[in-house]
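Novice: curious how this folds, go ahead:
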Amino acid sequence: MTSVLVVGGGIGGLATALALDKAGFEVTVYEAHPHADADIGAFLTLASNGMIALAQVDAARPVAEAGFSLTTLRLVDDAGAEVAVRPMGEHDDPLTRYRCLRRAELCTALRSETSRRGIEIRHGKRLVAAAEDATGVQARFGDGDTARCDLLVGADGLNSTVRRLIDPAADPRRYAGQRVFYGYAAAAPPSARPETFEMVRGGAAAFGYAVSPEGETYWFARVADDELSAEEIEAGTAERWKRELVPLLRRDATPAADIVAATGDRLMVTNAYDLPAVGRWHTRRMLIIGDAAHAASPATGQGASMALEDAVVLAKALRDANTTALETYERLRRPRTDANIATSARMTSARTPQRAGEDPPQGSRPPAARGGDDLMRLLEWNATLPV
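Specialist: Numbering: from 1, shown residues only. I've put the predicted structure just below:
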């Protein structure tokens with residue numbers, strides 16, 4: 001296989017293009033949206049394992065520069081009592097520290113790298129069908145255009161078209177039982193600590209926040225409730241969501257309610273989803289990665305990092321074991337992504353607030369988020385994958 005068509009120009013698709021290009025493959029990215037992503041407001045924390053994966057494709061520095069570092073996790077309960085303080089990830093090296101940044105900022109950094117390396121991104125190309133034969137894959141797009149490749153990689157997210165082509169029996173996404181709010185407050189709370197992510201195990205919501213070097217507070221809240229319709233999300237306003245969220249947070253003796261109350265119009269809400277187990281990740285010449293294959297609810301904060309790991313392991317598998325690459329990739333990735341989905345589901349379903357003196361709940365950290373020898377053997381670019 002020499003030519004690869006990547007469906008999806010988000011985090012996973014762009015990282016896959018960078019990794020495959022480094023491995024010597026001819027790569028083109030086809031993205032459904034007609035333009036580069038706009039910043040719709042959501043942010044993420046990119047874990048050390050994600051930064052380590054980016055380093056393998058020489059993209060850690062631009063991503064690090066796009067966000068701000070986090071080195072410490074502080075957990076408090078609903079009474080404001082400190083439960084635990086621990087380091088976050090591989091914080092000794094600036095390029096492996098957790099990063100807090102807007103999703104669009106991460107995509108912009110990766111897109112700039114793909115452009116700098118001469119990798120083509122074709123916008124306005126929504127995949128509608130693909131036919132596989134003995135020599136390749138013929139892809140067809142909504143505008144009538146077609147393209148042929150040796151391998152088609154679906155990095156097209158939770159509602160993946162490629163997943164349906166590979167496994168028509170795969171279950172669709174499922175609601176994970178929580179609404180997730182994101183927002184930005186111009187002022188930092190008086191108790192804010194630099195480079196610290198504060199997690200509040202509240203009585204009615206899980207709340208987390210970090211303060212940027214400029215003094216802006218990035219926050220999220222996860223609330224158990226019914227699924228919002230697309231119409232409700234579209235019609236919602238910042239004031240409406242604050243009226244819903246602030247009274248829930250006022251029950252706790254923490255800064256959470258004041259942070260949300262101080263937020264202006266930059267407040268959004270979405271539903272948390274995950275995927276049941278997908279039976280087939282690949283055919284002979286088509287494969288799904290990232291959320292298309294193993295979407296977890298956002299509780300572990302590992303979605304982006306898992307997609308970045310996928311990109312590196314796939315590129316190495318194709319580089320080192322062309323004829324069995326897709327089987328090797330799935331064998332090496334499934335246990336880890338399954339564990340992340342299970343951990344995130346446990347964290348999403350947990351509703352008991354933490355009390356002072358208790359240990360943090362099992363699963364409060366995703367599996368091997370700080371790296372580890374096994375993970376490093378998979379990600380290290382010059383290391384051979386285990387057979």
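
Novice: what about the helices in this protein?
Specialist: Secondary structure of the chain, counting by DSSP state H: helices at 11-22, 48-56, 60-66, 103-116, 161-166, 230-235, 238-249, 256-261, 291-294, 303-320, 325-349, 373-379.

Novice: can you list the buried residues in the last one?
Specialist: Residues 375, 378-379 are the ones in helix 373-379 that count as buried (16 or more other CB atoms under 10 Å). C-betas here are computed from N, CA, C, even on glycine.

Novice: how about low-confidence regions in the protein?
Specialist: For the chain, applying pLDDT under 70 flags the ranges 1, 37-41, 350-371.

Novice: change it to 80
Specialist: 1, 36-41, 322, 349-373, 387 (pLDDT under 80).

Novice: domains in it, by residue range?
Specialist: Per the record, the chain has its domains at 3-70+101-173+275-379, 175-273, by automatic domain parsing.

Novice: chain center to the last one: distance?
Specialist: Remark: domain 175-273 is offset 19 Å from the chain centroid, using CA atoms, centre = their mean, to the nearest Å.

Novice: quick one: end-to-end distance for that domain.
Specialist: End-to-end distance for domain 175-273: 5 Å, by CA to CA, to the nearest Å.

Novice: contacting residues for Ser3?
Specialist: Contact analysis of Ser3 by CB atoms under 8 Å, 6 or more residues apart in numbering lists 25-28, 136, 148-151.

Novice: let's go with 10 Å and repeat that
Specialist: For Ser3, the contacting residues are 20, 25-28, 136-137, 147-152, by CB atoms under 10 Å, 6 or more residues apart in numbering.

Novice: the domains of the chain: which one's closest to Asp92?
Specialist: Closest to Asp92 of the domains of the chain, according to CB to CB: domain 3-70+101-173+275-379, at 10.3 Å.

Novice: ok, back up a step: now, of the contacts of Ser3, which are buried?
Specialist: Buried subset of the contacts of Ser3 (neighbour count, 16+ other CB under 10 Å): 20, 25, 27-28, 136-137, 147, 149-152.

Novice: circling back to that earlier point, for the contacts of Ser3, which one is nearest Pro386?
Specialist: Distances from Pro386 to these, taken by CB to CB, are shortest for Leu20, at 20.6 Å.

Novice: can you tell me how far the residue lying farthest from the centre of the chain is from Ala257?
Specialist: In the chain, the residue that sits farthest from the middle, by CA atoms, centre = their mean, is Ala134; the gap is 33.9 Å. Going from Ala134 to Ala257 by CB to CB, to the nearest Å gives 62 Å.

Novice: rewinding a little: okay, the helices of the chain in a markdown table with distance to Arg201 next?
Specialist: What follows is the helices of the chain, written out as a markdown table (distance: least, CB to CB, whole Å):
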| stretch | distance to Arg201 |
| --- | --- |
| helix 11-22 | 28 |
| helix 48-56 | 23 |
| helix 60-66 | 29 |
| helix 103-116 | 25 |
| helix 161-166 | 34 |
| helix 230-235 | 26 |
| helix 238-249 | 12 |
| helix 256-261 | 11 |
| helix 291-294 | 26 |
| helix 303-320 | 21 |
| helix 325-349 | 11 |
| helix 373-379 | 28 |
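
Novice: let me have the domains of the chain in a markdown table, extended by distance to Val76.
Specialist: Listed next are the domains of the chain as a markdown table, based on distance: least, CB to CB, whole Å:
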| stretch | distance to Val76 |
| --- | --- |
| domain 3-70+101-173+275-379 | 8 |
| domain 175-273 | 6 |
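
Novice: dig out what Arg86 forms beta bridges with.
Specialist: Leu73 (DSSP bridges).

Novice: no no, Ala131
Specialist: Under the criterion used (DSSP bridges), Ala131 bridges to Gln138.

Novice: surely it is in contact with Cys149?
Specialist: No - the criterion here is CB atoms under 10 Å, and Ala131 misses it with Cys149 at 11.8 Å.

Novice: find residues that contact each of the two.
Specialist: Common neighbours of Ala131 and Cys149 (CB under 10 Å, 6+ apart) are 137-139.

Novice: re earlier: gap between the residue farthest from the centre of the chain and Leu151?
Specialist: Distance of Ala134 to Leu151, computed by CB to CB: 14 Å.

Novice: who touches both of the two?
Specialist: Common neighbours of Ala134 and Leu151 (CB under 10 Å, 6+ apart) are 284-285.
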